[in-house]
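Colleague: Structure for the following, please:
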Amino acid sequence: MGTFDSRPRLALSAFLMNTSSHILGGLWRHPQAQQHRFYDPQIWVDLAIKLEAAKFDSLFFADVVGLYGDHEGGWASHVRKGLQIPTHDPLILLAAIATHTENIGIAATSSVIQAHPFQFARQMSTLDHISNGRVGWNIVTSVLANAHRNFGASTLPAHDDRYGWAEEYVAAAYKLWEGSWDDDALLADKEKGIYADPSKVHKINHRGDYYSIDGPHLALPSTQRTPFLFQAGSSPRGVQFAATHAEATFLFAPHPEYVRKKNAQIVEQLNKAGRERQDIKVFAGLSFVVGSTEAEAKQLEAEYDEFLDLHAIIAHIGGGLGVDFGGLDLDTPIGEVQTEGAQGVLEAVLASTPGRNPTLRDLAYYRAKQQQIVGTPEQIADALIEWQDAGIDGLNVMNHILPGSYDNFIEGLLPELQNRGIAQREYAPGSLRNKIFNRGDKLPDSHPAAQYRGIFDDLSAEATVVEKSVFSSQES
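Modeller: This is a model prediction of the structure:
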């Protein structure tokens, strides 16, 4: 058995989606699965309360704003299999969860295409107030052509162009969150009748290729100001973006060696961005099947496998890559796939089958099995030593069924992780950011958002008042 003496703890995040079929297609059919009732907010509230009692760091909601690419010549199979359709808006769900919890972080995906940064910044500030500083944002650019067409585009922009768009989007949001209101702008002075100091509230006058925003930010600064920042891009451009902006990045890694390789890339890009490895947490997306014995774990795995739909998994991955794999035999080689879609996913698939051209079955196996650890609590904890040594700081815990997979993790594996000292037993105080990094509620000065603090003084309400004489001359 390995030991975690003097090891840092692993942050724990529950990887969720407000839909019936997220990663492991077909499992919604399991008799004990409740994700088919995803539209019932009580399911999520109850799960959040359970995860908070277990001292999970966060609930993380993935999201899409369009259909995956065609499968079997169209999108009928997506509807038939419930492939992330229907899916509901996670931001609204976060508000409900926030009012029923006190410590667990609540994070959601929002693409740069789906909301104007002025509106989105206001929504996130509001959620950060509602949650008392526990909100997080997963920054995505949307790989789905249908999603872009839903918001007025005619085609899917090139992969790197989408990241250029995201750079301006986050810059505009940073200006609103970090630069529009000074910390002491709010007075609420009833005696003097002054609610806020006009010299400390500023417009931002952002002018870019995509957006023109005057400001000011309409929401008060929240506990974190800028929400905790997640990002999951694993292509070279995605890693660069994550190293510049993210506080946590997610890897869909087939094995620890892949983590080690991506870690080296992240460190290289962090150095270029003027940040350090300690400025970002690397999460691995993994699922777990825990048994008191190996035989019990294997039996539960076989039970889940009965309901696994490999073709739904192929439709999911192919749809993200923009390739229709429908109608092909599962033993068909993937070949040289060129795509503007999720390039990091394809790279990870190829890495999971070194030395040969992977088949569609390999593709499905990669998604369902390569990121799954099956065994006793001791065996799984030992396996996680290898992942931690390869460079992960946390687990993005995927589920087979809701809420059963998290019950299995909490009751079976979590006590062993806590006994070894790598899972927390209590929360740190403060915001999600402070709970994760233990260095305050706000972004550090090394983050690019910090450059917008205090630079808009000449655009304050006080500084831009037009002299009364000007009005008088105009009226005359």
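Colleague: Could you measure from R225 over to E167?
Modeller: Applying CB to CB, to the nearest Å, the value for R225 to E167 is 19 Å. (Each C-beta comes from the backbone N, C-alpha and C, glycine too.)
Colleague: Compare neighbour counts for the two and give me the winner.
Modeller: R225 (26 against 17; other CB atoms under 10 Å).
Colleague: Not including adjacent chain positions, what is the nearest residue to that one?
Modeller: Distances taken as CB to CB, 6 or more residues apart in numbering put W177 closest to R225, at 4.8 Å, once the chain neighbours are dropped.
Colleague: Kindly report the same for I392.
Modeller: A284 (4.5 Å).
Colleague: now P429
Modeller: Nearest to P429 is K435, by CB to CB, 6+ apart, at 7.8 Å.
Colleague: How is S446 assigned, secondary-structure-wise?
Modeller: Each residue gets one of three states, and S446 gets coil by DSSP: H, G, I helix; E, B strand; the rest coil.
Colleague: can you tell me which residues contact it?
Modeller: Going by CB atoms under 8 Å, 6 or more residues apart in numbering, S446 touches G274, R275, E276, D279.
Colleague: Please enumerate the helices of the stretch 301-450 of the chain.
Modeller: Shown for the stretch 301-450 of the chain, the helices assigned by DSSP state H, counting those that start in this stretch span residues 310-321, 343-352, 360-365, 377-390, 404-408, 414-419, 432-437.
Colleague: sorry, back to before: which helix or strand contains the residue nearest to I392?
Modeller: Using DSSP states H and E, A284 maps to strand 281-290.
Colleague: and the angle for that strand with helix 377-390?
Modeller: 160 degrees (axes from the mean of the first three to the mean of the last three CA atoms, to 10 degrees).
Colleague: what helices or strands is strand 281-290 leaning on?
Modeller: The contact analysis (3 or more CB pairs under 8 Å, 6 or more residues apart in numbering; DSSP states H and E) places strand 281-290 against strand 11-17, strand 248-251, helix 256-272, helix 294-305, strand 372-375, helix 377-390, strand 394-398, helix 404-408.
Colleague: How far away from the center of its chain is that strand?
Modeller: Centre-to-centre, strand 281-290 and its host chain are 14 Å apart (CA atoms, centre = their mean, to the nearest Å).
Colleague: My guess is A173 contacts A115. True?
Modeller: No. Assessed by CB atoms under 8 Å, A173 is found out of contact with A115, at 10.2 Å.
Colleague: Comparing the two, which shows the higher neighbour count?
Modeller: A173 (27 against 18).
Colleague: which residues of the stretch 151-300 of the chain fall in helices?
Modeller: For the stretch 151-300 of the chain, the helices defined by DSSP H, counting those that start in this stretch cover 159-174, 236-245, 256-272, 294-305.
Colleague: possible to save those as a markdown table with distance to W137 and mean pLDDT?
Modeller: What follows is the helices of the stretch 151-300 of the chain, written out as a markdown table (distance: least, CB to CB, whole Å; pLDDT from 0 to 100):
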| stretch | distance to W137 | mean pLDDT |
| --- | --- | --- |
| helix 159-174 | 9 | 96 |
| helix 236-245 | 10 | 95 |
| helix 256-272 | 19 | 94 |
| helix 294-305 | 31 | 97 |
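Colleague: winner for burial among those helices?
Modeller: Comparing these by mean neighbour count (mean count of other CB atoms under 10 Å), helix 236-245 comes out on top with a mean of 22.
Colleague: same for it, what does it pack against?
Modeller: Checking 3+ CB pairs under 8 Å, 6+ apart, helix 236-245 ends up next to helix 159-174, strand 228-231, helix 256-272.
Colleague: Can you spell out which helices and strands pack onto the second one?
Modeller: Think strand 228-231. Partner elements for strand 228-231 (3+ CB pairs under 8 Å, 6+ apart): strand 105-111, strand 135-140, helix 236-245, strand 248-251, helix 432-437.
Colleague: Take the ones you listed and lay them out in TSV including distance to L300.
Modeller: Putting the helices and strands packed on strand 228-231 into TSV (distance: least, CB to CB, whole Å) gives the following:
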stretch	distance to L300
strand 105-111	29
strand 135-140	30
helix 236-245	34
strand 248-251	25
helix 432-437	31
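Colleague: which one of these lies closest to D389?
Modeller: strand 248-251 (14.8 Å; CB to CB).
Colleague: what is the mean pLDDT for that closest one?
Modeller: Mean per-residue pLDDT for strand 248-251: 95.
Colleague: if we can go back for a sec, could you check the helices and strands packed on helix 236-245 and tell me which one is nearest D197?
Modeller: Closest to D197 of the helices and strands packed on helix 236-245 is helix 159-174 (CB to CB; 22.1 Å).
Colleague: now that closest one, how far from the chain's geometric center?
Modeller: Counting by CA atoms, centre = their mean, helix 159-174 comes out at 16 Å from the chain centroid.
Colleague: Contacts made by that helix with the rest, please.
Modeller: 112, 117-118, 120-121, 139, 141-142, 157, 204, 206, 208-211, 213, 226, 233, 235, 237-238, 240-241, 245, 340-341, 343, 448-449, 452.
Colleague: Output the below-cut-off pLDDT ranges for the stretch 301-450 of the chain.
Modeller: Across the stretch 301-450 of the chain, the ranges flagged by pLDDT under 70 are 335-356.
Colleague: Touching, L270 and E276? I think so.
Modeller: Yes. When contacts are counted by CB under 8 Å, L270 is listed as touching E276 (6.3 Å).
Colleague: check contacts around the residue nearest to R225.
Modeller: W177 neighbours (CB under 8 Å, 6+ apart): A121, M124, S125, H217, P221, R225, T226, A449.
Colleague: Remind me which helix or strand the first one belongs to.
Modeller: Secondary-structure assignment from DSSP H and E places A121 in helix 117-130.
Colleague: Which residue lies nearest the spatial centre of the chain?
Modeller: N138 (3.6 Å; CA atoms, centre = their mean).
Colleague: I'd like the distance between it and D189.
Modeller: 39 Å.
Colleague: can you confirm V45 is in a helix?
Modeller: Yes. Per three-state DSSP, V45 lies within a helix segment.
Colleague: Neighbours of it, how many?
Modeller: Look at V45: counted by other CB under 10 Å, it has 16 neighbours.
Colleague: Around the spatially closest residue to it that is not a sequence neighbour, count how many other residues there are.
Modeller: Of all residues not flanking V45 in the chain, H100 sits nearest, at 4.9 Å (CB to CB, 6+ apart). Neighbourhood size, H100 [other CB under 10 Å]: 14.
Colleague: right, and H100 touches A48 too?
Modeller: Yes. Counting by CB under 8 Å, H100 touches A48, with 6.5 Å between them.
Colleague: who's in contact with the residue nearest to I392?
Modeller: F250, L251, A253, V259, Q371, W387, I392, G394, L395, N396.
Colleague: The fifth one is in contact with F288, isn't it?
Modeller: No. Contact between Q371 and F288 fails when scored by CB under 8 Å: they sit 10.0 Å apart.
Colleague: More neighbours: these two, which one.
Modeller: Neighbour totals were compared for Q371 and F288, and F288 leads with 25 against 22 (other CB under 10 Å).
Colleague: give the contact list for that one.
Modeller: Q372, I373, V374, I380, V397, S405, N408, F409, L413.
Colleague: closest to A153 among the residues you listed?
Modeller: Nearest member of the contacts of F288 to A153, counting by CB to CB, is V397, at 34.1 Å.
Colleague: burial measure for Y39, as a count.
Modeller: 13.
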